[in-house]
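Novice: this is a predicted model, with the sequence first.
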Amino acid sequence: MTETRGDSAAPPPELADILARHGGKPHRLLQVLLEIQASRQRISPQVAVEVAESLGVPVARVRGVIGFYAFLAEKPWGRYRVLFSDNITDRMLGNMELLTALCEKLWVEKGRMSEDGLVSVDTTSCTGLCDQGPAILVNGRAIANITPQRLERIAELILAQTPLEAWPEELFAIEDHIHRKDILLDHGLQPGDALRAALARGAESQAEQAANARSWREGHGGGPSGPAATLEEIKRANLRGRGGAGFTTGLKWEACRNAPGKIRYVVCNADEGEPGTFKDRVLLRAYADLVFEGMTVCAYAIGASHGFLYLRGEYRFLLEPLNEVLARRRAAKLLGPSILGQAGFDFDIEIHLGAGAYVCGEESALIESLEGKRGVPRNRPPYPVTHGYLQQPTTVNNVETFCAAALIAKHGGDWYRAIGTAKSAGTKLLSVAGDCARPGIYEYPFGTSVRQVLEDCGAVNTLAVQISGPSGVCIDGSEFDRRIAFEDLPTAGAFTVFDSRRDMFEVARNYTHFFAHESCGFCTPCRVGTAMLKATMDKIAEGHGTPYDLAEIEKLDKVLHLSAHCGLGHTACNPTLDTLKRFRPMYERRLKSLEFEPAFDLDGALARARQMTGRDDAGAHLSMESEP
Amino acid sequence: MSETAIFLLDGEEVPFEPGQTVIQAALSAGRYIPHLCYHPEFKPHGSCKVCTVKVNGRTAASCTLPAQAGLDVESDTEEINELRRTLVQMLFAEGNHFCPSCEKSGNCTLQALGYDLGVMTAGFRHFFPDRPVDASHPDILLDFNRCILCELCVRASCEVDDKCVFALSGRGLSKHLVVNAESGLLADTDIALTDKAMEVCPVGVILKKRVGFAQPIGRRRYDPDPISAQALRDAPRPPTGAGHCAACEVEE
C-alpha cells in the first residue's frame, strides 16, 4: 500500500492542536475533520485513526462521516481544488464551457487530480451565488462572476502556485444585490433594541417578575412572565417558518419551552442549500445582528442557554465576520451571562460549519450533523422540540425566521400580522436569479404576485419560474398571477426565472442530478429512486427515451411520495413532473419512438474504445436503427 | 388501559404494549407485515421502507411508527404491496444479485421477500455497480455486491458485540459498508466468527469461508415455507435492543 506514504512521517503539530482544541468530544468530529481537511487537503486513513482514538469513536465511524460530506476526502484532491457551482443558473451562464476551458488550461480531467498533485477541477451543488454566477469555490473560498478573463487569472495563480491568501482580494468580492426592501431589510433597529423590548414587555407584567429568574429557565409556561409575553407576541404575529415547511413558529417555540429537558438549544439553520436560494447569505452578511438578536429572543422565550448557527460550508467566507459580530455582541452584553443585566438570562452562540450536504437543511439531519455524525434525517417522532441536539429540547429555525422574530419582539405581534395576507403574515425575501435584468434580493409582503416580481426584476419573455427551488414548484405563463403566500405559492425564497430560450427538460434534468447527488442514501426509495430518475432523464436526453420512460418517472414519483424518509425524496420528482405537465413537447421531441425501447445503448458501450483510440468520427459510431 | 391499547390492522384488532411500534405489536399478535431491515432483536431502523403501511390515509414505516390506540392501519392492500414489490425490485437493481450462483440462495431474506410478494420481473434497468469483495480475513468473506444497506451488521456489531466492526460511508447510490480498520480490510478488525454481526446479514454479504453450499438447495431456510410464515415464528422473541456501545453514544 502506498496510499499512506505521504503521512508516514510524524504528523505536523497542528493535528494535535486541532484535536486538543476540541477537547476529545465525539460531537466535535465534523468540526475536527473540517479543520484537518482545510490544513492538509485530505484526511488520510492514518489521520482518521488518530482522530478516532482522540475522540473515542470507531475509525469506521470517522470514515463514514468523511464519506458523507462532499467537502471531506480521504484521498488527496490536489493543493488547489476548484469546484464549479452547478446550479441551472450557472449552467445558463456557461459554467460548463468555463470548466472545460480551465481543465484544458490546467491539463487536467474533470474530477481527477492532476498528475503532479497540484489541482483538481470538479462541480459542486449550488453555492448560493446565483445572482452573480457563474461561481466557483477554490479550496472552499467563494469566487463569483467567473468570466474567461477572471478564470485565466485564476489558472495563472494556480500554475504559479500562489497561496490562496496571496490572491488579489478583489477576486473574492461578493455583492449583496438588494433591490427591494420592506420591513425586514429596512428594519432600523439597533443591536439590543428587540431584546430590550422583550425584557420590557416582561417588566410590565411585574407581579411574576421576581419568580422569573427561576421559573422561565425551567420552562413553566404559566403567568405573563417576560418570556411568556414574548412567546405570546410570536404566536399573535402568526409567524411561520421561512425555510420552506412553514410550521407555525410560536407553536414550535412553545412546544420546546414546555418539553422536559436538562438544557434547551436554539439552532439557526443557515444551511441554505436549495438551488437558487441565497437570501440567507445576504442576511448573514449584512444583517447578522438581526439574526443573532432573533436567536437570543428565541432563547429568552424558550429558556435556552446554548445556541448554534449551522453555516453551510459554501458560506465559509462568512465565518470570521460572523464571529466578529458575536464577539461584539458579547462585549455589549447582548450575549453571554446575564444578558442586558437580566439575572439568569444566559445565552451564547457558537457557529458550526457544514461540509457540503444539502440534506443537512432538514432539521433533524442538521442536528445529527451538529452532533458530528452523518447528516441522516432521524426517525420522527420524537421531534427536535422534545428530543433534538443531544436528545434535549431544541428549536431549529431558518435565518429569516429569526430576523422576523426580532422584529416581532420589537414591534409586537399585531403590528406584524397586519402585513401580508390573512394566512401569511409579514414579508418574504426572494432570491431572484436566472433570466432577468436585475437578479438579487427582493423583499415583498406576502400576497405579491409572480407577475409583479417579474416586472420588478426586469424579466422579459418569461417562459417559466421555478418557485422555491427544485423541491418547490415550476409554473408557466398562465400562472403568473398566482401569489407568493403559504396558501398559494409557498416558498423558501428561490425564484428562478427562465425565458423563452430555455429548454425546461434540461432544467428538470439538472435538478434530478442534484437530488441524486444529494440523497443521503438512508432509505431505499430515495437512494435508488433518485439515481433511477437521473438515469432515465439522461437516457431521454441521449435520445433513447420512449413513452415507457415517462411512465417510469410517474411510477418512481409514486414510490418516492409514498415511502421516502424525508422531504428530499418526497419532492425529488417534482421538477420533472411539473415540467412534464407544462412543457410535455420538450420531452416528447426527444423520445426515440413510440414503439421501440432499446434496453442497451450499443453505441454508448463503445465510448471507452473511442476514448482509448482517440477517435470520434462517424466510422467509430454504431447506429442501432435508422433515424426516427 | 389494556382495553384501549388496540389499533386496527387491515380491519382487525391488534393489541399492543406501551412502547411497541406497529410492526412489533403486529408480529406479536401473529400478524405479518413484510419487512427487511427490521429485526426483532434490534432497535428499529426504518430505512428499507418495505414495512410501509398506510395509517389514517398517510404512509409510514411500521417498524418505527409508535403503536397508538385508534390507528387505522392498512397493510395488505394492492397499493401497498405494489409499493413493496417496487422497493424489492429497486434493491435488486441497485446491487449485483445473481441468485442462481449465490451461496445465500434459499437463505436470503431479499430473495424470499421477492418470492412472497410475487416479484416476477426485474422491473428496472440494473445499475451493475463495481463493488470489489473483501477476502482478506482467513475465515470470513465480504461480498459487497449483495449489500442492501440495511445496517443490521452495523447495529449487531455495535449494540450486541460492542465492537463496531461495520459502519456506513458515502451517500446516495455511493453509500457503502466500511470496516473498522485503518487498512479498510476485515482481516485487520477484531471481528470473530462468534459475533452477532456474523448471523444477521439478510443477504449474502457476510459469509463464512469453507462452508459454501454445505446445506443443499432445497433444504434451506425459505425452501419449505415462505418468509411470511417464518417471520411469525421468529416474532415472539421480545426485542432486546438494550445493547449499548459506549463508543457510539454522543454525550455532553
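Specialist: Looks like it came in fine. Numbering: from 1, shown residues only, chains lettered A, B, ... in the order given.

Novice: drop to CA atoms for contacts and neighbour counts, all remaining ones
Specialist: Noted.

Novice: which stretches of the stretch 51-200 of chain B form strands?
Specialist: Applying DSSP state E, counting those that start in this stretch to the stretch 51-200 of chain B gives strands spanning B:52-55, B:58-61, B:72-74, B:140-142, B:166-169, B:176-179.

Novice: name the residues that touch the first one?
Specialist: Okay, so that is strand B:52-55. Here strand B:52-55 makes contact (C-alpha atoms under 8 Å, 6 or more residues apart in numbering or on different chains) with A:563, B:59-62, B:71-75, B:80, B:84.

Novice: same check, this time on stretch A:305-323
Specialist: A:71, A:127-128, A:137, A:140-142, A:263-273, A:281, A:284-285, A:288, A:295, A:299, A:345-356, A:366, A:370.

Novice: hmm, stretch A:550-566 in reach of chain B?
Specialist: Yes - Stretch A:550-566 reaches chain B (C-alpha under 8 Å from any C-alpha of the partner chain) through A:559, A:562-565.

Novice: these two touch, right, A:T386 and A:R257?
Specialist: No - using C-alpha atoms under 8 Å as the test, A:T386 is too far from A:R257 to be in contact (9.0 Å).

Novice: geometric centre of the chain: which residue is closest?
Specialist: The chain I'm using is chain A. A:G273 (1.7 Å; C-alpha atoms, centre = their mean).

Novice: not quite, go with chain B.
Specialist: B:C37 (2.5 Å).

Novice: got the residues of the stretch 51-200 of chain B near chain A?
Specialist: Applying C-alpha under 8 Å from any C-alpha, one finds that the stretch 51-200 of chain B approaches chain A through B:52, B:59-61, B:64, B:83, B:86-87, B:90-91, B:94, B:125, B:164-175, B:178-183.

Novice: please parse chain A into its domains.
Specialist: Following automatic domain parsing, one finds the domains of chain A at A:5-68, A:80-170, A:193-417, A:428-500, A:505-588.

Novice: now render the ones you listed as CSV, adding mean pLDDT and distance to B:E151.
Specialist: Listed next are these as CSV, based on pLDDT from 0 to 100; distance: least, C-alpha to C-alpha, whole Å:
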stretch, mean pLDDT, distance to B:E151
domain A:5-68, 88, 13
domain A:80-170, 97, 28
domain A:193-417, 92, 13
domain A:428-500, 98, 28
domain A:505-588, 95, 10
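
Novice: ok, the residue nearest to the centre of chain B - contacts?
Specialist: By C-alpha under 8 Å, 6+ apart, the contact set of B:C37 is B:44-48, B:150-152.

Novice: likewise for B:G218?
Specialist: Going by C-alpha under 8 Å, 6+ apart, B:G218 touches B:106, B:224.

Novice: likewise A:C474?
Specialist: Residues near A:C474 by C-alpha under 8 Å, 6+ apart: A:464-467, A:575, A:578-579.

Novice: same question, A:A135
Specialist: By C-alpha under 8 Å, 6+ apart, the contact set of A:A135 is A:84-85, A:90, A:127, A:129, A:142-146.

Novice: burial measure for the residue lying closest to the residue nearest to the centre of chain A once chain neighbours are set aside, as a count.
Specialist: Take A:G273 and drop its neighbours on the chain: the residue closest to it by C-alpha to C-alpha, 6 or more residues apart in numbering or on different chains is A:Y358, 5.1 Å away. Residues within reach of A:Y358, counting by other C-alpha atoms under 10 Å in any protein chain shown, total 28.

Novice: just the closest residue of the stretch 1-150 of chain A to chain B, please.
Specialist: In the stretch 1-150 of chain A, no residue comes nearer to chain B than A:G64, which is 3.7 Å away by C-alpha to the nearest C-alpha.

Novice: list the buried residues for the helix or strand hosting that residue?
Specialist: In this assignment (DSSP states H and E), A:G64 forms part of helix A:59-68. Judged by neighbour count (16 or more other C-alpha atoms under 10 Å in any protein chain shown), helix A:59-68 contains these buried residues: A:59-68.

Novice: how near is A:N145 to A:Y315?
Specialist: Separation of A:N145 from A:Y315 (C-alpha to C-alpha, to the nearest Å) stands at 16 Å.

Novice: those two - which one has more neighbours?
Specialist: Between A:N145 and A:Y315, counted using other C-alpha under 10 Å, A:Y315 has the larger neighbour count: 24 against 21.

Novice: about what we covered before: most surrounded residue in the residues of stretch A:550-566 next to chain B?
Specialist: Counting neighbours by other C-alpha under 10 Å, A:S563 comes out on top of the residues of stretch A:550-566 next to chain B with 30 neighbours.

Novice: residue contacts, that one?
Specialist: Counted by C-alpha under 8 Å, 6+ apart, A:S563 has contacts A:525, B:49, B:52, B:59-61.

Novice: ok, so of those residues, who is nearest B:R219?
Specialist: Of all the contacts of A:S563, B:K49 has the smallest distance to B:R219: 29.5 Å, by C-alpha to C-alpha.

Novice: since that was my last question, I'll sign off now.
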